[in-house]
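Participant: The sequence isn't on hand, but the structure is:
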């Protein structure tokens, strides 16, 4: 067994183990931290396949972005971070049938597919080819994704800033804030002291 | 470098091991020196001498003595803390910081890995740092720790944006993410006949880019005026409040390693990395390592200097500075540098 095979199995165990912890942990913060190891392990898989750019993007987007957001969400929502999440078995029969069908399908696909194997070349440059493809053959999907992300950002800013201008834009149908949140959603850092105090009180 | 090691070391794995712990040796020696330097700089700026006794000459062994004291200390885990996460957090923090040194070209003869995504990898792997700080803060089960950790994470995530955008504006000029190739592009004296062809002299906007990058890297390294995560007067010790002994020492080491990392990235992107400022005079792999670390240490010294010069920002001022000034400025600067590249 060469070194990359050893690394593959080590990271497989890491991914499966941390995913199991993520699913079965009683504490939601433990689940979130276990998710970090799953995501980082997947990034290591990409790196083993010489897909360096994808690996690093996986780290940056999922670990650096989404996981931090999840942790923030878990810790800042009301009493979320020390509330125990009870994991118990519900609907045992339907779910196990469903899982069995999905698993059988996956195994069937895995067995029947002709996997085309390519020899890995050391130190392949993935960045340049990827960039060229994105700006030539896949220009339209690339641009559409960009517009979609822009829309998401504008939507997020709009949702975050709506509650801050109630007097300037009176709304006859909807005078109060519908969510019933006294503080209202805040932009990050606009008034962190307030949210920090709130945390102190609940913690 | 690898061939050089193979010439006198026995087996392949040993070579790989020695090859990969070179940055660790640099970090450890640098940390001992930098902590001493920080005290001396602080002392002299405040018109006192700093440590003078330990070791004889200007207290040079003070950090060593502190290290020995720290190793002997009891490793205390609070009773209500989450033991596993509490113990793991310092290691993840240092691993994230150390992993980033892989892509740093210490000299023309030594870089951990010639990956083509270099600086992008550095940005990505250091994002593990904020996760590990949240882990430390949460696992301590202490309000100060948690608040400090939240502040740190918010600060790091926000200031990643201007850092990445200024790095991107340098990448537009170089056309490669590999820091070794970025450094090789800056060899020679191209500008006005005598200025070294470092990227900072490339266009006036590069100076702006460097200033923005430096401010953002101060915030990423949690240095004054952005040291809110551990502002003693407000949060006791921030996320490290409950840590003691060598675990606290690891956080300290991570912090100094992070400073060096950002300074080295800044030195590589703007000040020619391992290139000598005198053209081919004092050039070569060994001098390269000297110049690289020297440039990094100059930036580290500026960080220390600022610490005793500027007052700390408030949280809202910190976020305002980032989102309302640094990010728009860095985007405008990115466009200007791109235009400069198109025109000239």
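Facilitator: In hand now; what should we look at? As the structure is a prediction and not an experimental result, all values here were calculated from the model. Numbering: from 1, shown residues only, chains lettered A, B, ... in the order given.

Participant: Run through the helices of the stretch 1-150 of chain B in chain order.
Facilitator: For the stretch 1-150 of chain B, the helices defined by DSSP state H, counting those that start in this stretch cover B:2-8, B:12-45, B:62-72, B:83-99, B:118-125, B:127-139, B:143-174.

Participant: Quick one, which of the ones you listed gets closest to residue A:152.
Facilitator: Taking Cβ to Cβ, helix B:143-174 is the member of these nearest to residue A:152, at 16.0 Å. In this view, the C-beta of every residue, glycine as well, is placed from N, C-alpha and C.

Participant: Which element is encountered next along the chain beyond that closest one?
Facilitator: Using DSSP states H and E, the next helix or strand after helix B:143-174 towards the C-terminus is helix B:179-185.

Participant: State the mean pLDDT of that next one.
Facilitator: Mean per-residue pLDDT for helix B:179-185: 84.

Participant: Give the other helices and strands that that helix contacts.
Facilitator: Packed against helix B:179-185 by the contact rule (3 or more Cβ pairs under 8 Å, 6 or more residues apart in numbering or on different chains; DSSP states H and E) you find strand B:105-107, helix B:118-125, helix B:143-174, helix B:245-270.

Participant: try 7 Å
Facilitator: Under the contact criterion of 3 or more Cβ pairs under 7 Å, 6 or more residues apart in numbering or on different chains; DSSP states H and E, helix B:179-185 touches strand B:105-107, helix B:245-270.

Participant: Can you say which of the ones you listed is nearest to chain A?
Facilitator: Minimum separation from chain A across the helices and strands packed on helix B:179-185 (Cβ to the nearest Cβ) falls at helix B:245-270, 14.9 Å.

Participant: Tell me which residues of that closest one come out buried.
Facilitator: By 16 or more other Cβ atoms under 10 Å in any protein chain shown, the buried positions in helix B:245-270 come out as B:246-270.

Participant: to the chain's geometric centre, what's the distance from it?
Facilitator: 4 Å (Cα atoms, centre = their mean, to the nearest Å).

Participant: Show me the contact partners of the very next helix or strand once past that helix.
Facilitator: Next along the chain after helix B:245-270, taking DSSP H and E as the criterion, comes helix B:285-307. Surrounding helix B:285-307, the residues in contact under the criterion Cβ atoms under 7 Å, 6 or more residues apart in numbering or on different chains are B:34, B:37-38, B:41, B:106-110, B:218, B:223-224, B:259-260, B:263-264, B:266-267, B:271, B:273-276.

Participant: and helix B:285-307, which residues are buried?
Facilitator: Neighbour counts using 16+ other Cβ under 10 Å place B:287-289, B:291-293, B:295-297, B:299-300, B:303-304, B:306-307 of helix B:285-307 among the buried residues.

Participant: can you check stretch B:176-183 too?
Facilitator: Across stretch B:176-183, burial judged by 16+ other Cβ under 10 Å covers B:176, B:177, B:178, B:179, B:180, B:182, B:183.

Participant: Please state the offset of it from the chain centre?
Facilitator: How far stretch B:176-183 lies from its chain's middle: 18 Å, per Cα atoms, centre = their mean.

Participant: Then stretch B:147-161?
Facilitator: Offset of stretch B:147-161 from its chain centre (Cα atoms, centre = their mean): 16 Å.

Participant: Could you confirm whether any residue of that stretch contacts chain A?
Facilitator: Yes. Using Cβ under 7 Å from any Cβ of the partner chain, stretch B:147-161 reaches chain A at B:147, B:150, B:153, B:154, B:157.

Participant: Please pick the buried ones from the residues you listed.
Facilitator: B:147, B:150, B:153, B:154, B:157.

Participant: mind putting these in JSON lines, pLDDT included?
Facilitator: JSON lines is the format used below for those (pLDDT from 0 to 100):
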{"residue": "B:147", "pLDDT": "81"}
{"residue": "B:150", "pLDDT": "82"}
{"residue": "B:153", "pLDDT": "80"}
{"residue": "B:154", "pLDDT": "81"}
{"residue": "B:157", "pLDDT": "81"}
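
Participant: Dump the residues you listed into TSV; add distance to residue B:336 as well.
Facilitator: Output for these, formatted as TSV (distance: Cβ to Cβ, whole Å):
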residue	distance to residue B:336
B:147	39
B:150	35
B:153	31
B:154	29
B:157	26
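
Participant: all helices of chain A, in order?
Facilitator: In chain A, the helices defined using DSSP state H lie at A:3-24, A:28-48, A:52-58, A:68-76, A:92-112, A:127-135, A:139-162, A:192-202.

Participant: Dump those to a markdown table, plus distance to residue B:127, mean pLDDT and mean neighbour count.
Facilitator: Converted to a markdown table, these look like this (distance: least, Cβ to Cβ, whole Å; pLDDT from 0 to 100; neighbours: other Cβ atoms under 10 Å in any protein chain shown):
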| stretch | distance to residue B:127 | mean pLDDT | mean neighbour count |
| --- | --- | --- | --- |
| helix A:3-24 | 18 | 88 | 14 |
| helix A:28-48 | 11 | 86 | 20 |
| helix A:52-58 | 10 | 85 | 21 |
| helix A:68-76 | 8 | 78 | 18 |
| helix A:92-112 | 32 | 91 | 9 |
| helix A:127-135 | 19 | 81 | 13 |
| helix A:139-162 | 19 | 88 | 11 |
| helix A:192-202 | 21 | 41 | 14 |
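
Participant: To residue B:20, which of the ones you listed lies closest?
Facilitator: Minimum separation from residue B:20 across these (Cβ to Cβ) falls at helix A:3-24, 13.4 Å.

Participant: Show the secondary-structure elements that that closest one is packed against.
Facilitator: Packed next to helix A:3-24, using 3+ Cβ pairs under 7 Å, 6+ apart, are helix A:28-48.

Participant: So what touches the helix it packs on?
Facilitator: A:4, A:7-8, A:11, A:14-15, A:18-19, A:21-22, A:25, A:54-55, A:58-59, A:62-63, A:67, A:70-71, A:74, A:80-81, A:85, B:85, B:131, B:135, B:138.

Participant: picking that back up, make a markdown table from the helices of chain A and add distance to residue B:14 to it.
Facilitator: Formatted as a markdown table, the helices of chain A follow (distance: least, Cβ to Cβ, whole Å):
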| stretch | distance to residue B:14 |
| --- | --- |
| helix A:3-24 | 15 |
| helix A:28-48 | 23 |
| helix A:52-58 | 26 |
| helix A:68-76 | 38 |
| helix A:92-112 | 40 |
| helix A:127-135 | 32 |
| helix A:139-162 | 46 |
| helix A:192-202 | 50 |
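
Participant: Which among these is found nearest to residue B:17?
Facilitator: The nearest among the helices of chain A, by Cβ to Cβ, is helix A:3-24 at 13.0 Å.

Participant: Give me the residues contacting the closest one.
Facilitator: With Cβ under 7 Å, 6+ apart as the test, helix A:3-24 has contacts from A:30, A:31, A:34, A:35, A:37, A:38, A:41, A:42, A:44, A:45, A:48, A:87.

Participant: biggest separation within these, which pair?
Facilitator: The farthest-apart pair in these, when distances are taken by Cβ to Cβ, is A:48 and A:87, at 31.9 Å.
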